[in-house]
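> Just to be clear, the model below is a prediction. Sequence and coordinates:
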Amino acid sequence: MSVNDPLSLAAAFADAVQKNTPAALGKPLSHLTLAVSGGGDSMALMHLAAQWAEVHAVQCHVVTIDHGLRSGSASEAQFVAQAAAELGLTHKTLCWADWDGQGNLQDQARQARYRLLDDSRGDSQLVLMGHTLDDQAETFLMRLKRGSGVDGLAGIPACRFVGSAAGDDGYWVLRPLLGISRQALRDYLNQQNVHWVEDPSNQDPSYERIQMRQLLNQISGAGLGPSVLAETAARMGQAKEALDRQLSRLVRDLVQEYHGDLTIDLQALLKEPTEISDRLLAAALCWVSSNPYRPRYAALRRCSEAVAGGAAQSLHGCLLYLWKGRLRITREYHAVADMSVVAAPKALWDGRWRLNLLPPVHGTAAGWVIKPLGEAGAQAVRPLLPKDIPFRSLLACPALFDQDGVLQTVPGLSKNPPFNVQFSLRPFDQSLNAH
């Protein structure tokens, strides 16, 4: 594409939207949410999307996430709001205010962005983000540095579904600028006399992405430019798609699900190539733990080899052990022992158990909480259950306790619950490509 041709850029944008909008939406687009920070990439996204939306009679709503990490972030959000208004687009600033200072800052901020976007998207099932060809190349280098496999080197997907493990309606993230360079977008903005803000952190070499950006400048002269790395990532993406299809087949044949646990035909699994068996095991651990990130490869390999020999293992907040001739994966009690959530309608426990508490029983459950059964609770309910369940599985099962700490019911397991209450949980096979 010619960087001096706005029409070509608009056509490339329109083609990317058409090609990557998921058929799963099931109906013509009527609303779009645009994630716009005020930087060059996202400002180009907003202008291209506004132009496209006007032609296709689609309403655009702009969202800016203010992480509150820099003194100028509020004024940048206001800058975006004014620019959106000039284009006739609605805008809302969302502030991230619940970080507790724990964990990786960049990862926490990323998760907060997705959560805040979900809260603000309204009727829109499609959120557009402004990642570029350069972002794809930088991500490839970052993951290459970590020794990533096929999944990691596949890079940033052009479209992916973001949903909770509870099975709620989620949304799709679409990145229509992944095939367009950062410089082409800035040339476009200059031609259109559109201003943008520069994030000073983009010049801070203490960030890994900036280090990769500087490295990319150095190796481009040797023929390893952004286009080449992005093309390699695309081919890795094709390989990942093939492996994912094989995984789906294997899940249908080898895996059974029971009240949040998974059991796997271990002997059949061990006959599969290591790449496939490890992929299934990692997906199972992510589902049971409601953790979107896979365990480290070295730890996963050690665990796989140990369970193949019949040894019980603990990994990723899960227990893996043999049960009636099959490998059973259950939530580890110690990972949820202190997890307590008010038993309100639609309450989410451990990131995947959604409480369906139907009226008129809300008053009856006032002051109740969702907690794991624990040892005392598991011992109390085990003789009353209709099926034999491993004690280790019962320990981490979510249950309802009243305001005095007395166990009242185990939704989905108790024979005679005091009222209509149950948990919903996204089936394992539906979760395979949900993150």
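Structure's in. What do you need?

> I'd like the distance from His195 to Gly260, if you could.
Distance check for His195 against Gly260: by Cβ to Cβ, to the nearest Å, it reads 51 Å. In short, each C-beta sits where N, CA and C put it, glycine included.

> Ala50 now?
44 Å.

> Compare neighbour counts for these two and give me the winner.
Neighbour count, other Cβ atoms under 10 Å: between Ala50 and Gly260, Gly260 has more, with 23 against 20.

> who touches Ser227 in this structure?
Contacts for Ser227 (Cβ atoms under 8 Å, 6 or more residues apart in numbering) come out as 133, 137.

> Show the average pLDDT along the helix or strand harbouring it.
Using DSSP states H and E, the element containing Ser227 is helix 226-254. The pLDDT scores in helix 226-254 average 96.

> Show me how far whichever helix or strand comes after that helix is from its chain's centre.
Downstream of helix 226-254, the first helix or strand assigned by DSSP H and E is strand 255-258. Mean-position distance between strand 255-258 and its chain equals 23 Å (Cα atoms, centre = their mean, to the nearest Å).

> residues near Tyr258, how many?
When neighbours are counted by other Cβ under 10 Å, Tyr258 comes out with 12.

> Can you name the residues bridging to it?
Applying DSSP bridges to Tyr258 gives these bridge partners: Asp261.

> CA atoms only: put the least confident helix or strand in the chain by mean pLDDT into PDB for me.
One helix or strand of the chain scores below all others by mean pLDDT, DSSP states H and E: strand 421-424, with a mean of 80. In PDB, the C-alpha atoms belonging to strand 421-424 read as follows (Å, rounded to 0.1, in the frame of the first residue of the first chain):
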ATOM      1  CA  VAL A 421     -29.900 -22.200  43.000                       C
ATOM      2  CA  GLN A 422     -27.200 -23.500  40.700                       C
ATOM      3  CA  PHE A 423     -23.900 -22.600  39.200                       C
ATOM      4  CA  SER A 424     -23.200 -22.100  35.500                       C
END
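
> packing partners for that strand?
If you count contacts as 3 or more Cβ pairs under 8 Å, 6 or more residues apart in numbering; DSSP states H and E, strand 421-424 packs onto strand 353-357.

> measure Asp118 to Ala337 for me?
28 Å.

> which one of these two has more residues nearby?
The neighbour comparison of Asp118 against Ala337 (other Cβ under 10 Å) goes to Asp118, with 17 against 13.

> Do I have it right that the more buried one meets Phe161?
No - using Cβ atoms under 8 Å, Asp118 makes no contact with Phe161, being 11.8 Å away.

> Can you check which residues contact both of the two?
170-171.

> what about the helices in the stretch 1-150 of the chain?
6-20, 40-56, 73-86, 105-120, 133-145, 150-153 (DSSP state H, counting those that start in this stretch).

> Please point out which parts of the fourth one sit buried.
Yep, that's helix 105-120 we're talking about. Residues of helix 105-120 classed as buried by neighbour count (16 or more other Cβ atoms under 10 Å): 108, 112-118, 120.

> Now the two most distant members of the residues you listed.
Longest distance between any two of the buried residues of helix 105-120 is 18.5 Å, between Gln108 and Ser120; criterion Cβ to Cβ.

> quick one: Ala306 is in a helix?
Yes - note on Ala306: a helix contains this position according to DSSP: H, G, I helix; E, B strand; the rest coil.

> Phi first, then psi, for the residue nearest to it when sequence neighbours are not counted.
Among residues not flanking Ala306 along the chain, Gln313 sits closest, at 5.1 Å (Cβ to Cβ, 6 or more residues apart in numbering). Phi and psi for Gln313, reported as degrees, to the nearest 10, are phi -140, psi 160.

> And Gln313, how close does it get to Glu257?
Taking Cβ to Cβ, one finds Gln313 at 20 Å from Glu257.

> okay, who's weakest in the buried residues of helix 105-120 by pLDDT?
Out of the buried residues of helix 105-120, that is Gln108, at 79.

> Met43 against Tyr188, yeah?
No - proximity of Met43 to Tyr188 does not meet the contact threshold set by Cβ under 8 Å, at 9.8 Å.

> Next, count neighbours for Cys159.
Using other Cβ under 10 Å, Cys159 has 18 other residues around it.

> so what's it bridging to?
So, taking DSSP bridges as the rule, Cys159 has Leu174 as bridge partners.

> Might you report the residue contacts of it?
Contacts of Cys159 by Cβ under 8 Å, 6+ apart are 20-22, 172-175.

> how about those, which pair is most distant?
Longest span within the contacts of Cys159, Cβ to Cβ: Pro22 and Arg175, 12.6 Å.

> okay, these two: which has more neighbours?
Arg175 (22 against 13).

> Give me the nearest residue to that one, chain neighbours excluded.
His131 (4.7 Å).

> Could you measure from the residue of the chain most remote from its centre over to Gly68?
The centre of the chain is farthest from one residue, Pro383, which by Cα atoms, centre = their mean lies 38.4 Å away. Note on Pro383: its distance to Gly68, by Cβ to Cβ, is 52 Å.

> circling back: as TSV, the buried residues of helix 105-120 with distance to Leu144 would be great.
As requested, the buried residues of helix 105-120 are exported to TSV (distance: Cβ to Cβ, whole Å):
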residue	distance to Leu144
Gln108	24
Ala112	27
Arg113	25
Tyr114	25
Arg115	29
Leu116	31
Leu117	29
Asp118	31
Ser120	35
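
> which one of those sits closest to Pro427?
For the buried residues of helix 105-120, the nearest to Pro427 is Asp118 (20.7 Å; Cβ to Cβ).

> contacts for the helix or strand hosting Ala298?
Assigned by DSSP H and E, Ala298 belongs to helix 297-308. Under the criterion Cβ under 8 Å, 6+ apart, residues 147, 149, 266, 270, 274, 277-278, 281-282, 285, 294-295, 313, 315, 320-322, 327 lie in contact with helix 297-308.

> my guess is Leu395 meets Val381, correct?
No - with contact defined as Cβ under 8 Å, Leu395 does not reach Val381; the gap is 11.1 Å.

> joint contacts of those two?
By Cβ under 8 Å, 6+ apart, the residues touching both Leu395 and Val381 are Leu373.

> wait, Leu355 sits on Leu425?
No - between Leu355 and Leu425 there is no contact under Cβ under 8 Å: 10.9 Å.

> can you give me how far the strand ranked longest in the chain is from the chain middle?
Of all the segments of type strand in the chain, defined by DSSP state E, the longest one is strand 59-66. Centroid separation between strand 59-66 and its chain, computed with Cα atoms, centre = their mean, is 20 Å.

> what's in contact with that strand?
Contact with strand 59-66 is made by 30-38, 46, 49-50, 53, 73-74, 76-77, 80-81, 84, 89-96, 112-113, 116-117, 120-122, 124, as judged by Cβ under 8 Å, 6+ apart.
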